[in-house]
Each structure stands twice: as C-alpha cells, then as structure tokens.
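> Output the structure for:
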Amino acid sequence: MENIYLLARTSKELINNLKDRCLTIADMFRKGENQEGNERLLFFLEDVNTLLEALPHISSTYPAISIEELNEKLTQVLEQMESNDYLYVADLLHYELQPLLDLWSGTINDG
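Just a heads-up that it's a prediction; the model follows:
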C-alpha cells in the first residue's frame, strides 16, 4: 500500500507540472506562437503518457481519477490540432484539461 501512495505522490507532482504547462501552452496558441506551442505540446503529451502508465495503479485508491475522461479530452485536443484550430486547442487545454488535472491534484492526498 505504501508503494501506491508513493506512486500517487509522484503522480501528483507530475499532474501539478502538467496543469501549469496547460496554461502556458494555451497562452502560446492564443498569441499565435503556434510552432513553439506545438513543440511544447509534444513534450506535454509525452509526459501525459507517463502519467497514463501510473494511473491504473492508483485509480482504485482514487476513484475520481478517470483515464477515460482524460482520453476523451486528449482526443478532442488531437482532433483540433489536426484541423489546425489552435484557438480551440487553447480553450480545450485551459477550460477542459487543466481543470481536470486540478481536480485530480486535489483528489490525491499526501497521506
């Protein structure tokens, strides 16, 4: 059980990092800095993948954490990226993904 809490604490640190990066990337897209935003989004998605590897191990302890919900939001982001609708991507990052990560961060206690 202690290993799950250690993994949860590490995941929470990653989630907090991802939350901040959501807003930074969204601001880049809103400013028209699409190339830089795309590059940072790529690194962001790599780190989300790392988080996705940990989530199955902690989701039973923290049932508010839903991989399906995250996947739905990421699918929306990728669909809009394919359409080159960077303002919509910015809104998804800011108003959909960041609040979800914020909820998850608050769900994981430091116990």
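> just for this protein, where's the confidence low?
Where the chain drops to pLDDT under 70, the residues are 1, 110-111.
> where along it do the helices fall?
2-30, 34-58, 67-82, 86-92, 98-107 (DSSP state H).
> Report the angle between the last one and helix 67-82.
Computed by axes from the mean of the first three to the mean of the last three Cα atoms, to 10 degrees, the angle separating helix 98-107 from helix 67-82 equals 150 degrees.
> what angle do helix 98-107 and helix 34-58 make?
If you take the same axes, to 10 degrees, helix 98-107 sits at 30 degrees to helix 34-58.
> separation between residue 59 and residue 76?
21 Å (Cβ to Cβ, to the nearest Å). Heads up, the C-betas are built off the backbone N, CA and C, glycines and all.
> okay if I get the helices of the chain as CSV plus mean neighbour count?
Output for the helices of the chain, formatted as CSV (neighbours: other Cβ atoms under 10 Å):
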stretch, mean neighbour count
helix 2-30, 17
helix 34-58, 15
helix 67-82, 14
helix 86-92, 19
helix 98-107, 17
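> Just the endpoints, please. Distance across stretch 22-38?
End-to-end distance for stretch 22-38: 12 Å, by Cα to Cα, to the nearest Å.
> residues contacting residue 26?
For residue 26, the contacting residues are 89, 90, 91, 93, 94, 98, taking Cβ atoms under 8 Å, 6 or more residues apart in numbering as the criterion.
> so which of the residues you listed comes closest to residue 63?
residue 98 (21.1 Å; Cβ to Cβ).
> Could you find the closest non-adjacent residue to the closest one?
Once flanking residues are discounted, residue 98 sits nearest to residue 22: 4.0 Å by Cβ to Cβ, 6 or more residues apart in numbering.
> for the one you found, what are its contacts?
Contacts of residue 22 (Cβ under 8 Å, 6+ apart): 44, 93, 94, 97, 98, 101.
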